[in-house]
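**Q** no sequence on this one, just coordinates:
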């Protein structure tokens, strides 16, 4: 479930009314896929379900849904044909069905605040949206799919791929919700600054560890700055992370970080530096490269002919998106 959660956290106000617009079905080629959500208020849409062609209509229809406390589904035809009742003729060759749910103080925002609270606490959970038209239906949150006693058993297997599942006979959409990716950056040198910046733009949670206070002070936008030597790291300290990039520029520190990261369940460990430096680390730790293939990535990043800190950071986030976030879908 790939949402603009950081934006939602900033925008959502329990004293205000919003609409929650969710793509519940697609046909053909569409800009975004089933499960995409955006928040809508009287002024604008926060996020995109299209390339910008549907959002104004969704905003207007949301105001009616809020006024009537009724949820509605809208089918938007984005093909070139003029035959459909609501044809936008944009040539996207697809059809999008969108559920609009009113989130108001009067209906307790259908439990949306609880969804955000669970994400903020780092919880991994399941979310059920009922999309029958009529009175607004609350969002249902469960920590485990097995807690949904009435769902078809076939959905249990399909949810293993982490894609939103449209359960037609139940008239609902089932999502797995994961918190934003949490990245550990081992080393707070100047070249970590663009990496932190890219992570924030993607809605990830970058955490920077270094033993040098002055270097850490540069990283004001990181969600966590921790004064830490590699030798002092405990395995429990690493349990919360989805990925790590080792970039201390000190061979001994990198070796200590790599040794401890390999003892965790983290399946993406990036090593900054050329191949011969990676080999020095492997030799020092008696690592066979084949044994860590698909877990340790060095030189870190996708090869895009990088030669600046910014382009290196771009290559790193692209690889993490591919190797980690891409596997969550």
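**A** Perfect, I can see it now. A quick note: this is a predicted structure, and the numbers were derived from the prediction, not measured.
**Q** Does residue 306 touch residue 319 like I think?
**A** No - taking contacts as CB atoms under 8 Å, residue 306 lies outside contact range of residue 319: 11.4 Å. Where C-beta positions appear, they are placed from N, C-alpha and C, glycine not excepted.
**Q** which of these two has more neighbours?
**A** Using other CB atoms under 10 Å as the criterion, residue 306 and residue 319 rank with residue 319 on top: 20 against 16.
**Q** Tell me the helices and strands packed up against the host helix or strand of the more buried one.
**A** In this structure, residue 319 sits in helix 309-323 according to DSSP states H and E. Secondary-structure packing of helix 309-323 (3 or more CB pairs under 8 Å, 6 or more residues apart in numbering; DSSP states H and E): helix 193-201, strand 269-271.
**Q** and the ones you listed as a markdown table, adding distance to residue 149, mean pLDDT and mean neighbour count?
**A** Formatted as a markdown table, the helices and strands packed on helix 309-323 follow (distance: least, CB to CB, whole Å; pLDDT from 0 to 100; neighbours: other CB atoms under 10 Å):
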| stretch | distance to residue 149 | mean pLDDT | mean neighbour count |
| --- | --- | --- | --- |
| helix 193-201 | 39 | 96 | 20 |
| strand 269-271 | 40 | 98 | 24 |
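**Q** Of the ones you listed, give the one that comes closest to residue 325.
**A** helix 193-201 (11.4 Å; CB to CB).
**Q** quick one: low-confidence parts of the stretch 1-150 of the chain?
**A** By pLDDT under 70, the weakly predicted segments of the stretch 1-150 of the chain are 1-3, 80-92.
**Q** Just the helices from it, written as ranges.
**A** Applying DSSP state H, counting those that start in this stretch to the stretch 1-150 of the chain gives helices spanning 5-11, 55-68, 112-120.
**Q** any idea where the strands of the stretch 1-150 of the chain begin and end?
**A** 18-28, 37-40, 45-46, 70-77, 94-103, 125-130, 134-135, 140-142 (DSSP state E, counting those that start in this stretch).
**Q** got a list of what the closest residue to residue 218 other than its chain neighbours touches?
**A** In space, and not counting its chain neighbours, residue 218 is closest to residue 193: 6.3 Å by CB to CB, 6 or more residues apart in numbering. By CB atoms under 8 Å, 6 or more residues apart in numbering, residue 193 lies in contact with 218, 219, 309.
**Q** Kindly provide the distance from residue 193 to residue 300.
**A** 16 Å (CB to CB, to the nearest Å).
**Q** just residue 26 next, same as before
**A** 35 Å.
**Q** Return the residues in contact with residue 27.
**A** With CB under 8 Å, 6+ apart, residue 27 has these contacts: 94, 95.
**Q** same deal with the one 4 residues further on?
**A** Residues touching residue 31, when contacts are defined by CB under 8 Å, 6+ apart, comprise 48, 49, 50, 51, 92.
**Q** same thing with residue 271?
**A** Residue 271 is in contact with 246, 254, 258, 277, 278, 281, 296, 297, 298, 299, 300, counting by CB under 8 Å, 6+ apart.
**Q** Verify the stated contact: the first one with residue 272.
**A** Spelled out, it's residue 246. Yes - at 6.6 Å, residue 246 and residue 272 qualify as touching, with contact defined as CB under 8 Å.
**Q** shared neighbours, the two?
**A** With CB under 8 Å, 6+ apart, residue 246 and residue 272 have common neighbours residue 187.
**Q** If we ignore the residues flanking it in sequence, what's nearest residue 239?
**A** residue 264 (7.0 Å).
**Q** returning to what we had before: chain center to the helix holding residue 319: distance?
**A** 16 Å (CA atoms, centre = their mean, to the nearest Å).
**Q** what's the answer for stretch 207-214, then?
**A** 25 Å.
**Q** All the helices of the stretch 151-300 of the chain, residue numbers only.
**A** Counting by DSSP H, counting those that start in this stretch, the helices of the stretch 151-300 of the chain are 154-158, 193-201, 213-216, 251-261, 275-284.
**Q** Which of these sits closest to residue 324?
**A** Nearest to residue 324 among those is helix 193-201; the distance by CB to CB comes to 12.1 Å.
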